[in-house]
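S.K.: structural data only, the sequence is not supplied:
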């Protein structure tokens with residue numbers, strides 16, 4: 001398994017995004033509760049005053065880039081074109097986060 005990071009930014013007004021944001025949260029919760037193989041952490045970014053609006057960040061494990069891309073395309077925010085996103089593989093060099 002390899003680490004991947006998805007960053008995202010809303011591309012629609014919040015009132016249009018809100019229903020899908022709730023669906024996104026439920027999707028992440030269900031992944032964490034019902035899939036022993038899936039390692040996923042998700043949250044939102046804030047500014048220096050802790051004000052939301054910086055977009056979202058998800059760290060997760062996948063076999064390869066194609067699998068990671070297929071995974072994030074199941075996110076309700078992406079399926080409903082609520083966010084612009086970027087997907088990158090992440091190779092940690094320092095620290096104690098591990099897939100083992």
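M.R.: Looks like it arrived, so ask away. Model, not experiment: these values are computed from the prediction. Numbering: from 1, shown residues only.

S.K.: residue 23: what's it in contact with?
M.R.: If you count contacts by CB atoms under 8 Å, 6 or more residues apart in numbering, residue 23 has them with 76-77. Every residue, glycine included, has its C-beta placed from N, CA and C.

S.K.: tell me if it really is in a helix.
M.R.: Yes - under DSSP: H, G, I helix; E, B strand; the rest coil, residue 23 falls within a helix.

S.K.: and the contacts of stretch 90-97?
M.R.: Residues from elsewhere that reach stretch 90-97, judged by CB under 8 Å, 6+ apart: 2-5, 59.

S.K.: and the residues you listed, which are buried?
M.R.: 3-4, 59 (16 or more other CB atoms under 10 Å).

S.K.: ok, these vs residue 78, which is closest?
M.R.: residue 4 (13.8 Å; CB to CB).

S.K.: which helix or which strand is home to the closest one?
M.R.: For residue 4, the element it lies in under DSSP states H and E is strand 2-10.
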